[in-house]
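**Student:** Pasting the sequence and the predicted coordinates here, then a few questions.
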Amino acid sequence: MQYDPIKRVLGKAFNRTPFLRKVFYSLLDMLLLRAWHVSRELKKWGKSHTGKELKILDAGSGFGQYTYRMSRLFPKAQIKGVDVKEEQIADCNQFFARIGKGERVHFAEADLTKFDEPETYDLILSVDVMEHILEDEQVFRNFNASLKPGGVLFISTPSDQGGSDSHDHDHEEDVHGFIDEHVRDGYGVTDIREKLERAGFTNIDVRYTYGAPGKISWRLSMKYPIQMLGASKIFFVVLPFYYLVAYPISALLNYFDVHGKHETGTGLMVKAEKPA
């Protein structure tokens, strides 16, 4: 069972109107634990940047979920989303134009290993991207070069403790499909910190996400529903009733994961700064 085909089906279903697209983003924000962690970091950073005219890069923008969130958190920001998939770039540009944000939010196709926009951005966000790129240190150097002095990089990525969406995959025959496109299983804390230091970053904070609460939540909110949808489309009808029971439990577990400190976990949340 593959994860990306299910995402494409859901994305297509919710892309019929701007309203449905916003509903889709809201559902992703509710269900994806990584979105909870990213949102918390963005809000914390945003407290000292309220009202500023920022420039932000969403590096690996995908469906545009995090770009949309940042466009709401930072209403004066100019935001650029980049991705390697042409169809998603065109789709996102069309959506943001339809909701009246096309003048300050735009998307472009880009290879992050060749990305070069010196000292342009105050903030770079990269969510579930680095595990797909073999030349990761080149990307980190490009991020550093593209940030303004004092700029900040946020990364959400799987750890080497199993990967944020591949828990125990070595022991479960159906789970390997979640990570088929990864070039590495995940980063170690020391590994990613040293790579970022070599790229020129300082004040690097790396913490585990998807600890014990998050691991259970992921199974309830993502793994089991995705497996259902992969088995039969009839579960599109069943899922709303499933979530009536499962989501309150999952949301509580997400809260504990976001606000707790984990000795280990299958995801990493990273903050790094470019020296001022």
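**Tutor:** Yep, it's here.
**Student:** can I assume G260 is in contact with G211?
**Tutor:** Yes: the pair G260 and G211 qualifies as a contact (Cβ atoms under 8 Å) at a distance of 6.3 Å. Every residue, glycine included, has its C-beta placed from N, CA and C.
**Student:** Between those two, which has more neighbouring residues?
**Tutor:** Neighbours were tallied for G260 and for G211 using other Cβ atoms under 10 Å; the higher tally belongs to G211 (22 against 14).
**Student:** Neighbours of the nearest residue to the more buried one once chain neighbours are set aside, how many?
**Tutor:** Spatial nearest neighbour of G211, excluding adjacent residues (Cβ to Cβ, 6 or more residues apart in numbering): H262 at 3.2 Å. Other residues lying near H262 total 18 when counted by other Cβ under 10 Å.
**Student:** Can I get stretch 137-145 in PDB? Just the C-alpha atoms.
**Tutor:** Only the C-alpha atoms of stretch 137-145 are listed here, as PDB (Å, rounded to 0.1, in the frame of the first residue of the first chain):
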ATOM      1  CA  GLU A 137      24.600  19.000   2.700                       C
ATOM      2  CA  GLN A 138      24.500  20.900  -0.600                       C
ATOM      3  CA  VAL A 139      20.900  21.800   0.200                       C
ATOM      4  CA  PHE A 140      21.800  23.000   3.700                       C
ATOM      5  CA  ARG A 141      24.600  25.200   2.200                       C
ATOM      6  CA  ASN A 142      22.000  26.600  -0.300                       C
ATOM      7  CA  PHE A 143      19.600  27.300   2.600                       C
ATOM      8  CA  ASN A 144      22.300  29.100   4.500                       C
ATOM      9  CA  ALA A 145      23.300  31.200   1.500                       C
END
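**Student:** and that stretch, average pLDDT?
**Tutor:** The average pLDDT for stretch 137-145 rounds to 98.
**Student:** May I see the buried residues of it?
**Tutor:** Along stretch 137-145, the positions that meet the burial threshold by neighbour count (16 or more other Cβ atoms under 10 Å) are 139-145.
**Student:** tell me the phi and psi of D83?
**Tutor:** D83 has phi and psi values of phi -160, psi 170 when expressed as degrees, to the nearest 10.
**Student:** shouldn't it be in contact with G60?
**Tutor:** Yes: the pair formed by D83 and G60 meets the contact definition of Cβ under 8 Å, at 6.0 Å.
**Student:** which stretches of the stretch 1-150 of the chain have low pLDDT?
**Tutor:** Low-confidence segments of the stretch 1-150 of the chain, defined by pLDDT under 70, span residues 1-11.
**Student:** Please enumerate the helices of it.
**Tutor:** Remark: helices of the stretch 1-150 of the chain, listed N- to C-terminal, are 3-13, 18-31, 33-46, 65-73, 86-98, 136-146; assignment by DSSP state H, counting those that start in this stretch.
**Student:** Identify, from the buried residues of stretch 137-145, the entry nearest to V238.
**Tutor:** Proximity of the buried residues of stretch 137-145 to V238, judged by Cβ to Cβ, is greatest for V139, which lies at 40.4 Å.
**Student:** Could you count how many residues lie near the residue nearest to that closest one when sequence neighbours are not counted?
**Tutor:** Spatial nearest neighbour of V139, chain neighbours left out: L112 (4.7 Å); criterion: Cβ to Cβ, 6+ apart. As a burial measure, L112 scores 24 neighbours (other Cβ under 10 Å).
**Student:** who's in contact with L112?
**Tutor:** 59-60, 82, 129, 133, 139, 142 (Cβ atoms under 8 Å, 6 or more residues apart in numbering).
**Student:** isn't E263 right next to Y208, touching?
**Tutor:** Yes: taking Cβ under 8 Å as the definition, E263 is a contact partner of Y208 at 7.3 Å.
**Student:** Give me the more crowded residue out of those two.
**Tutor:** Relative neighbour count places Y208 above the other of E263 and Y208, with 20 against 7, counting by other Cβ under 10 Å.
**Student:** Quickly note the distance from F74 to Y208.
**Tutor:** For F74, the distance to Y208 (Cβ to Cβ, to the nearest Å) stands at 27 Å.
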